[in-house]
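Asker: Take a look and give me a structure for this.
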Amino acid sequence: MPNKRDFLSVTDITPAETLSLIKRARDSKQTPSGSKPLAGKSVAILFDKPSLRTRVSFQVGIEQLGGYSVFLGQQEVGLGNREPISDVANVLSGYVDCIVARISNHDHIAELAKHASVPVINALSDQEHPCQIMADLLTIYEHKGTEQNGGLKGLSLAYVGDGNNVARSLCLALPAVGMNFASASPQGYNLDDESMQIAQSRANGASVKVRALTDPNEAVMGADVVYTDVWASMGQEAETKARHSDFAGYTVDPALMERANPGALFMHDMPAHYGEEVPPGMLEHPQSVAFLQAHNRLHAQKTILEFLLTGN
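Answerer: Residues are numbered from 1 along each chain as shown. Coordinates of the predicted model:
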């Protein structure tokens, strides 16, 4: 595919493209066109971990767009073990029009994209979760965005928890569309300095702030959105006990939400570990949009697929 584009990071699309895709996803969600822009196209879905939201939203979205998906788990491919990543990329490029990869090692996804002649979408890696963040921005836009503020400009999001792949993608994406970003993590779990610096360099407006803090109470002050994620991600199970101790005091509960702006949204990318980063029932809190956020994976990803495969 000539001039093919990949979506491995939120930085792979411009701020203008980000806002355009979010608005298009909102419009197509509200008024489905019934068009089938992926008719006759096939997509390989290459995963090395179990998945609920990512797999279902991609497979349903591809079908709704008129395409066909082939699911390939670790047992079928064994990326980088049974055969070289470059060989897998070259073979799949002759079968399909796009590769959706949920691979733990971000370097493996980057190598896959390097050798593939078709677009590669990062459905989750240890470095970023760009498709999740596009769904998050869509959710925020639906609830807080206005045409007067250019969509999202001037809004503030506070992230409380581990400086993981989700936090990194939020940090890199939000300032570029004019949103302030503050994270609160225990010492040693903060986002890396390089990501913070890149995020600040992408800021749309001199007043946009990118902050890394340790106090959740300070982070949520003035926030329009409060976001959290699990303390120990898949693959970090051996660290669960230590992290449970280190993250004491970083639970997002109704009391912490009261410190944010009135009407602030509560967001969680799921799955939730109740009794850790959230108490039981928090996803059903009146200010929670966690389930709508999960549903928006479908709409945001459909727009990404259409953009990469048709150029529109």
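
Asker: If you count contacts, what does the least confident helix or strand in the chain by mean pLDDT end up packed against?
Answerer: Comparing helices and strands within the chain by mean pLDDT, DSSP states H and E singles out helix 74-77 as the least confident, with a mean of 77. Judged by 3 or more C-beta pairs under 8 Å, 6 or more residues apart in numbering; DSSP states H and E, helix 74-77 is in contact with no other helix or strand. Placement of C-beta: from N, CA and C, glycine included.

Asker: Quickly list the domain ranges of the protein.
Answerer: 10-129+298-310, 132-293 (automatic domain parsing).

Asker: export these to JSON lines and tack on distance to Lys4 and mean neighbour count?
Answerer: What follows is the domains of the chain, written out as JSON lines (distance: least, C-beta to C-beta, whole Å; neighbours: other C-beta atoms under 10 Å):
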{"stretch": "domain 10-129+298-310", "distance to Lys4": "5", "mean neighbour count": "19"}
{"stretch": "domain 132-293", "distance to Lys4": "19", "mean neighbour count": "19"}
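
Asker: Make TSV from these and add distance to Asn3 to it.
Answerer: Output for the domains of the chain, formatted as TSV (distance: least, C-beta to C-beta, whole Å):
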stretch	distance to Asn3
domain 10-129+298-310	10
domain 132-293	22
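
Asker: any idea which residue sits dead centre in the chain?
Answerer: Gln132 (2.3 Å; C-alpha atoms, centre = their mean).

Asker: separation between the closest residue to Gly66 other than its chain neighbours and Leu152?
Answerer: Spatial nearest neighbour of Gly66, chain neighbours left out: Lys36 (2.8 Å); criterion: C-beta to C-beta, 6 or more residues apart in numbering. Computed as C-beta to C-beta, to the nearest Å, the Lys36 to Leu152 distance reads 30 Å.

Asker: With Gly222 instead?
Answerer: From Gly222 to Leu152 the distance is 16 Å (C-beta to C-beta).

Asker: now swap in Asn204 and tell me
Answerer: Distance from Asn204 to Leu152, by C-beta to C-beta: 9 Å.

Asker: shared neighbours, these two?
Answerer: Among the neighbours of Asn204, those also in contact with Leu152 (C-beta atoms under 8 Å, 6 or more residues apart in numbering) are Val177, Gly178.

Asker: Can you classify Gln132 by secondary structure?
Answerer: Assigned with DSSP: H, G, I helix; E, B strand; the rest coil, Gln132 falls in the helix class.

Asker: Now the closest residue to it other than its chain neighbours: phi and psi?
Answerer: Closest residue in space to Gln132, ignoring its immediate chain neighbours: Asp269 at 5.3 Å, by C-beta to C-beta, 6+ apart. As for Asp269, its main-chain torsions (degrees, to the nearest 10) stand at phi -80, psi -10.

Asker: does Asp269 really touch His129, like I thought?
Answerer: Yes. Asp269 is within contact range of His129, at 7.3 Å (criterion: C-beta atoms under 8 Å).

Asker: which neighbours do the two share?
Answerer: Val166.

Asker: quick one: pLDDT of Arg101?
Answerer: Just to correct that, residue 101 is Ala rather than Arg. Note for Ala101: predicted pLDDT of 96.

Asker: And the least confident helix or strand of the chain, how far out from the chain middle?
Answerer: Distance of helix 74-77 from the chain centroid (C-alpha atoms, centre = their mean, to the nearest Å) equals 24 Å.
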